[in-house]
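1. Predicted structure and sequence below. I'll ask about it afterward.
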Amino acid sequence: MKRIKIISVIAVVFVLLVAILLHNRAQITRNASLNKIDAFPVTVAVVSDKKINENLELVGTIAANNDVPIVSEVQGKVTAIYAKVGDYKTAGSVLIQVDDELKLAAKKSAEVNYEKAKKDYERYKALSAGNSITDAQLESAKLNYVNAEANYINANRQYNDTKIKTPISGYVTSRTVNFGDWVKMNNVVANVVDISKLKVELNVAEKDVFKLRTGDKVTVTTDVYPGVKFPGIIETISAKADASHNYPVEVRMLNSREHPLKAGMFGRVTFNLSGGKKELVIPREALVGSIKNPQVFKIAGSTAKLINVLISGASDNYLHIAGGLTEGDTVVINGQNNLQDGNKVVIIK
């Protein structure tokens, strides 16, 4: 009897617990239905057609327009020096004089032989016209004349080469010989640079190089003259990349009288990649996900639709849109973290 009472009590308790649980569940469901969000508050922006100034800034090395090593074409003792480092020399100026005594003697001897052979050939031609000599004699005189002329040209060239000259106008940046030194053939004896024009040599990444064109205008600045801008143009763009997939680009510019630059300085080149063209843009805040898989919430009526977009670039606080949106569309820029595709929204202005 006692056992039956215990079982009855347990059964009653169990029934009460089940009733309480069912009541609580019904209460939670009722509260959830009361707290259900009908629309999510969001902030939006309109897709607009905006003028974009996309600039690329790179640092390169300023080089001389022409940098020429002066090479000796003769050997001999240096008898005179006509240039020191820092001198400005015009094209054709003598920088170094090499002993020319023997070269001058050889030139005079070759000149005498040339003049004699020339007169002999003229005389033989006159005799041949009167049939006074054979054709073989005339041919021999002609060969002597040609040979003498070649010897004279060679001797004259060797004599002139004793005067080592600069082929360009520019500044002497180095001189490796002094008075009394012995110069060997093909020795570099000096260096001359022309900095009336300059070039900036730099490397451009493959993602940017196709936005550049030869002849495009650029701006060059330096740390030496803060705030001073030097105009330049893109002279060359290499068709071959280096091992790092960068393409050599050369910018040409005139040197300035007021703010003269030197070869070897660093130059900061600013390229205008877009040319100020208009593009569809949206604020960066509208992006959902990553640049590789870009999506945005587009407002359609009172509903937020998750759509894919195509991004062509970025500048400042904007993303450039190449597909998926049109001008005038509205996108969510704040509040999208709580959204799902198809959610109702209320726009907060």
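-> Looks like it arrived, so ask away.

2. ok, and the closest non-adjacent residue to Gly289?
-> Distances taken as Cβ to Cβ, 6 or more residues apart in numbering place Gln295 nearest to Gly289, at 5.1 Å, with adjacent residues excluded. Glycine gets a C-beta too; all of them are placed from N, C-alpha and C.

3. same check, this time on Gln340
-> If the residues on either side of it in the chain are set aside, Gln340 comes closest to Leu306, at 7.6 Å by Cβ to Cβ, 6+ apart.

4. Validate this expectation: Asn337 resides in a strand.
-> No - counting by DSSP: H, G, I helix; E, B strand; the rest coil, Asn337 is located in no strand; its state is helix.

5. Next one, pLDDT for it please.
-> At Asn337, the pLDDT value in this model is 84.

6. ok, what's across the strand from the most centrally placed residue in the chain?
-> Nearest residue to the geometric centre of the chain (Cα atoms, centre = their mean): Val249, 3.6 Å. Legend: beta-bridge partners of Val249 under DSSP bridges are Leu202, Ile237.

7. right, and Asn186 touches Pro69 too?
-> No - counting by Cβ atoms under 8 Å, Asn186 stays clear of Pro69, with 10.6 Å between them.

8. partner residues bridging the residue nearest to Gln340?
-> Taking DSSP bridges, one obtains Phe297 as the residues bridged to Leu306.

9. residues contacting it?
-> Val288, Gln295, Val296, Phe297, Lys298, Leu339, Gln340, Asp341 (Cβ atoms under 8 Å, 6 or more residues apart in numbering).

10. so where's the stretch 51-200 of the chain uncertain?
-> 52-53 (pLDDT under 70).

11. and with 80 instead?
-> 51-55 (pLDDT under 80).

12. For it, which segments are assigned as strands?
-> Along the stretch 51-200 of the chain, counting by DSSP state E, counting those that start in this stretch, strands occupy 55-71, 76-81, 88-89, 94-98, 163-165, 170-175, 182-183, 188-205.

13. Need the winner for burial among those.
-> Mean neighbour count (mean count of other Cβ atoms under 10 Å) peaks for strand 94-98 among those, with a mean of 20.

14. Dump that strand to PDB, restricted to CA.
-> Output of strand 94-98 as PDB, limited to C-alpha atoms (Å, rounded to 0.1, in the frame of the first residue of the first chain):
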ATOM      1  CA  VAL A  94      90.500  68.500 -75.800                       C
ATOM      2  CA  LEU A  95      90.700  67.000 -72.300                       C
ATOM      3  CA  ILE A  96      94.000  65.200 -72.400                       C
ATOM      4  CA  GLN A  97      97.100  65.500 -74.700                       C
ATOM      5  CA  VAL A  98      99.200  62.400 -75.300                       C
END
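
15. circling back: gap between the residue nearest to the centre of the chain and Gly227?
-> Look at Val249 and Gly227: by Cβ to Cβ, to the nearest Å, they are 25 Å apart.

16. quick one: secondary structure of the residue nearest to Gly289?
-> Secondary structure of Gln295, reduced to three states by three-state DSSP: strand.

17. Pull up the per-residue confidence for it.
-> With respect to pLDDT, Gln295 has a value of 91.

18. check contacts around it.
-> By Cβ under 8 Å, 6+ apart, the residues touching Gln295 are Leu287, Val288, Gly289, Leu306, Ile307, Asn308, Val309.

19. ok so, going back, pretty sure the residue nearest to the centre of the chain is touching Leu212, no?
-> Yes - using Cβ under 8 Å, Val249 is in contact with Leu212, at 6.7 Å.

20. quick one: the residue nearest to Gln340 and Ala300, what's the gap?
-> Counting by Cβ to Cβ, the gap between Leu306 and Ala300 amounts to 11 Å.
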